[in-house]
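Colleague: Fold the following, please.
(chains A, B, C and D)
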There are 2 protein chains.
Amino acid sequence: MALRNAVLAALIDRESSGYDLAKRFRVSVANFWTSTPQQLYRELEKMEAEGLLAARVVKQDKRPDKRVFSVTVSGRDALRAFTRQEPKPTTVRDELLVQVEALAHADVGSVRESIRARIEQSRQRLDAYEKLLAEILGARSHDEFLATGNRIGPYLTLSRGISFERENITWGELALDVLDRRYPA
Amino acid sequence: MALRNAVLAALIDRESSGYDLAKRFRVSVANFWTSTPQQLYRELEKMEAEGLLAARVVKQDKRPDKRVFSVTVSGRDALRAFTRQEPKPTTVRDELLVQVEALAHADVGSVRESIRARIEQSRQRLDAYEKLLAEILGARSHDEFLATGNRIGPYLTLSRGISFERENITWGELALDVLDRRYPA
DNA sequence: ACGGCCATGTAACTGGTTACATGATTAC
DNA sequence: GTAATCATGTAACCAGTTACATGGCCGT
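Modeller: Next up, the predicted model:
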C-alpha cells in the first residue's frame, strides 16, 4: 500500500511496462523509493485488478510482447488523495553506515574497500541524475525553468538526489582520510 | 537478519534495555537504520536465544525492572564478520518525495505543509545530532579528535547525519520557494 | 483526573526479499 | 559460444508495521 503511491507517481507522466518501470526504479526513482522487479510485477497486477492502472499489450518484433501500464482516472484520484495525507517519516537502511558505526570492532580493510565502492556508485548515480536534470531543463537556465517549466516535481526530487549523492562522495572521502590517518596501511 | 547488525553496532559500546535502545533508534541510529520498538523487542529475544546477546535484570525502585542487553563474545564475532561482507545498497523510502514527484497532480497546499513539517523535523534532528557530536568531541577540535579520539565510527556516522539533515533543510527551503513562485496563494 | 513516561510484550497483518523458471535476441 | 538484455512471472520465506494490552509513577 506504500509502494503503490511511488508506482502511481512514476507512471502518471509516462506509461511503462513492468520491465521498464524496474529500470526506472533502479535509477531515478531510487532517490526516494526502492523496490525489486518482483515486487513491482506483483504490485502492478494488484493495481490493475483494483482499477488504478490499465494495461495494454504492445507487440514488438524480435522481442517479447510487453504489457504497458498507465494510470486510470481512479488511479489519478488515488494519487491526489495520497498527496493530501501526512507523509510517513523517511526510512533509511544503510549497511555501510552500520559497518562504520562499528569501526572499532570492524575489519577496517573491508570497510575501507566498501567506502571506496560507495563513492564510485555515488559518482555514477550523480552522473545519471545530472543527465536527467539536463534533459528536464533543456536549453533553459534553472531560473527560467523554475518560472516556466512543467516537470517541476521531478526537477525537485532530482535536485534532492543530486545533493544526496554529492554529500555521499564528500563524506566518503572524509571517511577514507580519517581511516588513512588512524589505521595506516 | 539485517536489523541485528544495527542492534549489535548500537549495543557494542553501551548496553541498553529494549526501551532505551528504541529511544536510541529514534534519535542517533535513525541516521542509518530505522526500526520500531516492537521489532527491537522481538529481535533482542531472538538474539539472546542465539547467544549473540546476554541479558540481565536490573532492579529499579519506583520504576519497573528492566532487562539490559549486552553483546557477547559470539555477538562481537558476528559483528566483525558482518563488517567483512559487502554492504547492501542503501534503501530509502520517503513518502514526501513521492508526493513532490507527483506535484503536478497533487494537492499543493498539503504538500507545502508537509515540506514545512519536514524542515522543522530536520532542524530538530540536526540539533540533536550536533549535541551528540559535541559530546563525542568534548573539548577537542575536530583535528585533535580525528588524531586521538576513540569513538571515530560514531563520529563519522553522525557527521553523515548532520550533512543529511542540513541538505534536507536547504532542499525544503528551495522547494517552498519554487512552490510560492509557481502556485501563489 | 489526565497525559506522558517507564517498561515489556503478543498477535495479526502487510510489505519486501530471494530463489527459481523460461525463452528469445543482441553484442562481443 | 557466452554473457547481457528483453520480458514476465511463481513460490516461499523473512522482515516490518499496526493494533492492542498492562500497570505503576510523575507532574500539573
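
Colleague: residues contacting the spatially most central residue of chain A?
Modeller: Centroid-nearest residue in chain A: residue A:30, 1.6 Å away (criterion: Cα atoms, centre = their mean). Shown in contact with residue A:30 (Cβ atoms under 8 Å, 6 or more residues apart in numbering or on different chains): A:125, B:92. In short, each C-beta sits where N, CA and C put it, glycine included.

Colleague: Got phi/psi on it?
Modeller: Torsion angles at residue A:30 (phi, psi; degrees, to the nearest 10) stand at phi -50, psi -20.

Colleague: what do you get for residue A:66?
Modeller: Main-chain torsions, residue A:66, degrees, to the nearest 10: phi -130, psi 150.

Colleague: Tell me, how many residues neighbour it?
Modeller: The local packing count at residue A:66 equals 17, with neighbours defined by other Cβ atoms under 10 Å in any protein chain shown.

Colleague: list the contacts for it?
Modeller: With contact set as Cβ under 8 Å, 6+ apart, residue A:66 has these partners: A:17-20, A:57-58, A:60.

Colleague: Out of these, which are close to DNA strand D?
Modeller: Filtering the contacts of residue A:66 for proximity to DNA strand D by Cβ under 7 Å from any atom of the strand leaves A:17-20, A:60.

Colleague: Can you pull the residues of chain A lying near DNA strand C?
Modeller: Contact residues of chain A with respect to DNA strand C, defined by Cβ under 7 Å from any atom of the strand, are listed as A:1-3, A:34-36, A:38-39, A:42, A:62-64.

Colleague: go again using 6 Å as the cut-off
Modeller: Residues of chain A found near DNA strand C (Cβ under 6 Å from any atom of the strand) are A:1-3, A:35-36, A:38-39, A:62-64.

Colleague: Now do stretch A:134-150: everything it contacts.
Modeller: Contacts of stretch A:134-150 (Cβ under 8 Å, 6+ apart): A:151-152, A:154-155, A:158, B:104, B:178, B:181-182.

Colleague: Please point out which parts of the stretch of helix or strand residue A:145 belongs to sit buried.
Modeller: Following DSSP states H and E, one finds residue A:145 within helix A:142-148. For helix A:142-148, the buried set under the neighbour-count rule, 16 or more other Cβ atoms under 10 Å in any protein chain shown, comprises A:145-146.

Colleague: do the same with stretch A:17-32
Modeller: Judged by neighbour count (16+ other Cβ under 10 Å), stretch A:17-32 contains these buried residues: A:17-18, A:20-22, A:25, A:28-32.

Colleague: Then stretch A:56-63?
Modeller: With burial defined by 16+ other Cβ under 10 Å, not one residue of stretch A:56-63 is counted as buried.

Colleague: Off-centre distance for that stretch?
Modeller: For stretch A:56-63, the distance from its own C-alpha centre to the chain's C-alpha centre is 27 Å (Cα atoms, centre = their mean, to the nearest Å).

Colleague: and what of stretch A:157-174?
Modeller: In terms of Cα atoms, centre = their mean, the gap separating the centre of stretch A:157-174 from the centre of its chain is 14 Å.

Colleague: one step back: mark which of the contacts of residue A:66 are part of strands, please.
Modeller: Judged by DSSP state E, the contacts of residue A:66 include A:17, A:57-58 as members of strands.

Colleague: Please identify which of those residues is nearest to chain B.
Modeller: Proximity of the ones in strands among the contacts of residue A:66 to chain B was ranked by Cβ to the nearest Cβ; the top entry is residue A:17 with 19.6 Å.

Colleague: Can you name the helix or strand that residue A:67 falls in?
Modeller: strand A:66-71.

Colleague: re earlier: mind putting the contacts of residue A:66 into JSON lines with distance to residue B:97 and pLDDT?
Modeller: Supplementary listing: the contacts of residue A:66 in JSON lines, determined by distance: Cβ to Cβ, whole Å; pLDDT from 0 to 100:
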{"residue": "A:17", "distance to residue B:97": "24", "pLDDT": "94"}
{"residue": "A:18", "distance to residue B:97": "22", "pLDDT": "93"}
{"residue": "A:19", "distance to residue B:97": "24", "pLDDT": "94"}
{"residue": "A:20", "distance to residue B:97": "21", "pLDDT": "94"}
{"residue": "A:57", "distance to residue B:97": "32", "pLDDT": "90"}
{"residue": "A:58", "distance to residue B:97": "30", "pLDDT": "83"}
{"residue": "A:60", "distance to residue B:97": "33", "pLDDT": "78"}
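
Colleague: re the thing from before, taking the ones next to DNA strand D among the contacts of residue A:66 together, which two end up most distant?
Modeller: For these, with distances taken as Cβ to Cβ, the pair at the greatest spread is A:18 and A:60 (14.4 Å).

Colleague: coming back round to it: quick check: which of the ones next to DNA strand D among the contacts of residue A:66 are also close to chain B?
Modeller: Restricting these to those within reach of chain B (Cβ under 8 Å from any Cβ of the partner chain) leaves nothing.

Colleague: could you dump these to a markdown table with distance to residue A:88?
Modeller: Below are these laid out as a markdown table (distance: Cβ to Cβ, whole Å):
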| residue | distance to residue A:88 |
| --- | --- |
| A:17 | 29 |
| A:18 | 25 |
| A:19 | 29 |
| A:20 | 27 |
| A:60 | 39 |
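
Colleague: any weak-confidence spans in chain A?
Modeller: For chain A, no stretch has pLDDT under 70.

Colleague: Tell me where it has helices.
Modeller: Taking DSSP state H to define them, one finds helices in chain A at A:3-11, A:18-26, A:37-49, A:73-84, A:95-101, A:108-137, A:142-148, A:152-182.
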